[in-house]
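1. sequence and computational prediction follow.
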Amino acid sequence: MDNFLRKLASPVSHSETSYLPAMTSTTKWLTKSFAIPIISEFGGQGLSVINKIKHWAIYVSTAFIFFFHNVTYAFWFYENIYLSNGTESLQVWQKVISFFFLSKHSMVLGIHLCLLFRRRELLQVMKTCAWIESKCLGEGASNYTKISILSHLDASKFSLFAVPIVLGMLGLFRPCMPPSIANTLILECRDGLGDQNAALWVRLLNGLAQGSVGLSVAAVIVTAIKRIFLYPAVMVELWIKTIERQLDHGLAGFRVAQVFQNLNNALMRKPLNNLFVLLCIVCQVISLYVIITSWDNISLGVFAFFYLMGFDFFIMIHVTLHSQSKSYLASVKFSENMESLQSRNPWFKKFLTSCPPLKVGMGDGKFFDGLSAFVIWQFCVDRLINLLLMEK
């Protein structure tokens, strides 16, 4: 029964004894998307920052399409929704969907720029995570994979392909529906968002553009989830549990954890961390609102997209954001165990005072603890209830 539940929760990675295969496979697809400034080296021998002209050309072209789409769509939103003052025929759910894409793509663009300017820190974090897991496996670490993490990795990998496909199909069959920019550049869309008076070449071009944007959005979010937030936190926890069994090297190993946590905090520092948490909150609330209030007014493709988004961001809050407390809880437990083992050694006590608990900051002096994810989810539910009450 337990094996069946594991297969149900994680169809692809349920039998994995480490996270390395799933991470390696997903990273390969992330680098091929050219949505992040990291590329696989020739022959698949490791990772490196983009340094060749042809690779930079592809990366810049992909980024330009994403940026141009965002700017054009923001212009459409400003003209047709912000300045409409109730004169347009758009319904509330249509405006909500339009705002969803505007806010989501804008925040993802901000994360995209952070990854560009912090590409060397990103590369070092990615390499160090793989080194930590390999090292721990060499030290005998086993039975540390959790089905919640594996299922989240499977869901993220699925989204990497599903999001561009769904957005591409939406651009093909609903050329006037947000986040399409064809209604600004080419089409008039006189019949509203459901207008179907578009030539085939327009539909194809619009579908390809939206699919490209969807791939960039999915790749940036998956990179943030798996390689910046989730995997480093899990590896710090694994490293601390591994060195805890080695008294002779435990304190020296804890210094390694401190250095790596500081490196990852430098990568996650403002505004990336804030953008990611805000992205989770906004997208979760809007996805649930659209599913609850507008399921009978939207097409099956749009409903499937928002269902996928709602599920993904629910997992992101309860797994990804919750994982940010792992390093803090593991380091606190490590210090307590070390103190109990070496309680009579004054030098040891003095050394432990220089090893404060590892923390992942949330901004304003706050950091992630065991209840942070629950508080964020509660905030989402409160905002959703307020929206539903306002509609009534």
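-> Great, that's in hand.
2. now Leu153, nearest residue through space, not along the chain?
-> Ala22 (4.7 Å; C-beta to C-beta, 6 or more residues apart in numbering). All C-beta spots, glycine's among them, are computed from the backbone N, C-alpha and C.
3. that should have said Ser294, apologies.
-> Here the residue nearest Ser294, using C-beta to C-beta, 6+ apart, is Trp93, at 3.6 Å.
4. hmm, back to that, secondary structure element for the residue nearest to Leu153?
-> According to DSSP states H and E, Ala22 maps onto helix 20-33.
5. quick one: mean pLDDT for that helix?
-> For helix 20-33, the mean pLDDT works out to 90.
6. now do stretch 340-358
-> Here the average pLDDT along stretch 340-358 is 70.
7. now do stretch 211-228
-> For stretch 211-228, the mean confidence score works out to 93.
8. likewise stretch 68-85?
-> Per-residue scores along stretch 68-85 average to 85.
9. list of residues touching that stretch?
-> The contact list for stretch 68-85 (C-beta atoms under 8 Å, 6 or more residues apart in numbering) reads 88, 90, 95, 98-99, 101-102, 105-106, 109, 178-179, 181, 183-185, 209-210, 213.
10. ChimeraX command to pick out the buried ones of those?
-> To isolate the buried ones among the contacts of stretch 68-85 in ChimeraX, judged by 16 or more other C-beta atoms under 10 Å, type:
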select :90,95,98,99,101,102,105,109,178,179,181,183,209,210,213
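11. what is the helix or strand encompassing the residue nearest to Ser294 packed up against?
-> Using DSSP H and E, Trp93 falls within helix 92-117. Under the contact criterion of 3 or more C-beta pairs under 8 Å, 6 or more residues apart in numbering; DSSP states H and E, helix 92-117 touches helix 53-77, helix 200-222, helix 272-294.
12. now do the one helix or strand Lys127 maps to against helix 20-33, angle only.
-> Secondary structure from DSSP H and E places Lys127 in helix 119-138. Angle, helix 119-138 to helix 20-33, by axes from the mean of the first three to the mean of the last three C-alpha atoms, to 10 degrees: 160 degrees.
13. neighbouring contacts of helix 119-138?
-> Counting by C-beta under 8 Å, 6+ apart, 18-20, 23-24, 27, 36-38, 46-50, 115, 144, 223, 227-228, 231-232, 235-236, 238-239, 242, 260, 263-264, 266-267 sit against helix 119-138.
14. and the host helix or strand of Leu153, what's buried?
-> Secondary structure from DSSP H and E places Leu153 in helix 147-173. Across helix 147-173, burial judged by 16+ other C-beta under 10 Å covers 147, 149-160, 162-164, 166-172.
15. kindly report the same for stretch 53-64.
-> 55, 59, 62-63.
16. could I get these in TSV, plus columns for distance to Leu137?
-> Putting the buried residues of stretch 53-64 into TSV (distance: C-beta to C-beta, whole Å) gives the following:
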residue	distance to Leu137
His55	32
Tyr59	33
Thr62	35
Ala63	36
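17. would a markdown table of those with distance to Ser325 and pLDDT be doable?
-> Listed next are the buried residues of stretch 53-64 as a markdown table, based on distance: C-beta to C-beta, whole Å; pLDDT from 0 to 100:
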| residue | distance to Ser325 | pLDDT |
| --- | --- | --- |
| His55 | 37 | 93 |
| Tyr59 | 34 | 95 |
| Thr62 | 34 | 94 |
| Ala63 | 33 | 94 |
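18. going by distance to Asn337, which of these wins?
-> Tyr59 (45.9 Å; C-beta to C-beta).
19. quick check, the closest one in contact with Asn51.
-> No: contact criterion C-beta atoms under 8 Å: Tyr59 and Asn51 do not qualify, at 11.0 Å.
20. since we're on Glu336, how many residues are nearby?
-> 11 (other C-beta atoms under 10 Å).
21. tell me which element it falls in.
-> Going by DSSP H and E, Glu336 is part of helix 326-341.
22. try Ser48
-> strand 47-49.
23. pull out the buried residues from that strand.
-> Buried, per 16+ other C-beta under 10 Å, within strand 47-49: 47-48.
24. over to stretch 135-147?
-> 135-137, 141, 144-145, 147.
25. same question for stretch 379-392.
-> Neighbour count says stretch 379-392 has 380, 383-384, 387 buried, by 16+ other C-beta under 10 Å.
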